[in-house]
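Chemist: this one's structure only:
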């Protein structure tokens, strides 16, 4: 997967990992997303892949991604087949080098927010909904700056790093369908207010 210049890692950044977990859900193939709590200082209220910093006791990005998915959403690590690790990506706003880990949910477990102070919701989002052109758009800051692709799914606006990564993964997987990249919407004020925290 190619890494755009603006997402190429900066060496002093902190290491983190996220789990891109695919499964066969009740509505067909899906991917797991969490919604971060609105009370957090960074990325508050944003949909995201389960994940976080790589702790010293973690055996690398894969172990960290599986641990975070267990802590945040109740995903049993034993039921996940790790497919691969993708290239590291840089999040300048939070100064993290993020390794996305792709997995297949061989034995799905019941999921629910694990840390109410960190995770507000957990959703299995069908691939069909993500690639539906009606659910896709570009978002921009009210100042006019384009922020990138976004998805309106399951009462969530998925944007930012997660939407950018999801767009690349859907393209790499051959799932993408043509959609109107000229459809541009401003970020809603409530989302903008949460994002302004950091």
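Modeler: Alright, I've got the coordinates. As the structure is a prediction and not an experimental result, all values here were calculated from the model.

Chemist: identify each buried residue in the longest strand seen in the chain, please.
Modeler: Longest strand in the chain, counting residues (DSSP state E): strand 14-25. For strand 14-25, burial by neighbour count (16 or more other CB atoms under 10 Å) applies to 15, 16, 17, 18, 19, 20, 21, 22, 23, 25. In this view, the C-beta of every residue, glycine as well, is placed from N, C-alpha and C.

Chemist: tabulate the residues you listed (TSV), appending pLDDT and distance to residue 83.
Modeler: Output for the buried residues of strand 14-25, formatted as TSV (pLDDT from 0 to 100; distance: CB to CB, whole Å):
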residue	pLDDT	distance to residue 83
15	92	20
16	95	19
17	97	14
18	97	14
19	98	11
20	98	9
21	98	10
22	98	8
23	97	12
25	94	17
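
Chemist: save those as CSV, and put in distance to residue 189 too.
Modeler: Below are the buried residues of strand 14-25 laid out as CSV (distance: CB to CB, whole Å):
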residue, distance to residue 189
15, 34
16, 29
17, 32
18, 27
19, 31
20, 30
21, 32
22, 33
23, 34
25, 33
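
Chemist: show the average pLDDT along the helix or strand containing residue 63.
Modeler: Element membership for residue 63 (DSSP states H and E) is helix 61-73. Averaged across helix 61-73, pLDDT comes to 97.

Chemist: quick one: list the elements packing against the helix or strand just after it.
Modeler: Per DSSP H and E, helix 61-73 leads on to strand 80-85 as the next helix or strand towards the C-terminus. If you count contacts as 3 or more CB pairs under 8 Å, 6 or more residues apart in numbering; DSSP states H and E, strand 80-85 packs onto helix 61-73, strand 96-105.

Chemist: residues in contact with the helix holding residue 63?
Modeler: By CB atoms under 8 Å, 6 or more residues apart in numbering, the residues outside helix 61-73 that reach it are 15-19, 21, 32, 34, 50-55, 58, 75-77, 80, 82, 85, 99, 101, 103, 111-115, 118-119, 122.

Chemist: out of those, which end up buried?
Modeler: The neighbour-count test (16+ other CB under 10 Å) marks 15-19, 21, 32, 34, 50-52, 54, 58, 75, 77, 80, 82, 99, 101, 103, 111, 113-114, 119, 122 as buried among those.

Chemist: that older thread, now the helices and strands packed on strand 80-85 in CSV, with distance to residue 165?
Modeler: Compiled in CSV, those are given as follows (distance: least, CB to CB, whole Å):
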stretch, distance to residue 165
helix 61-73, 13
strand 96-105, 6
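
Chemist: what's the closest of those to residue 182?
Modeler: The closest of these to residue 182 is strand 96-105. By CB to CB, the value is 28.1 Å.

Chemist: and residue 152, how many residues sit next to it?
Modeler: Applying other CB atoms under 10 Å, we find 16 residues neighbouring residue 152.

Chemist: can you read off the pLDDT for residue 85?
Modeler: On the pLDDT scale, residue 85 is placed at 95.
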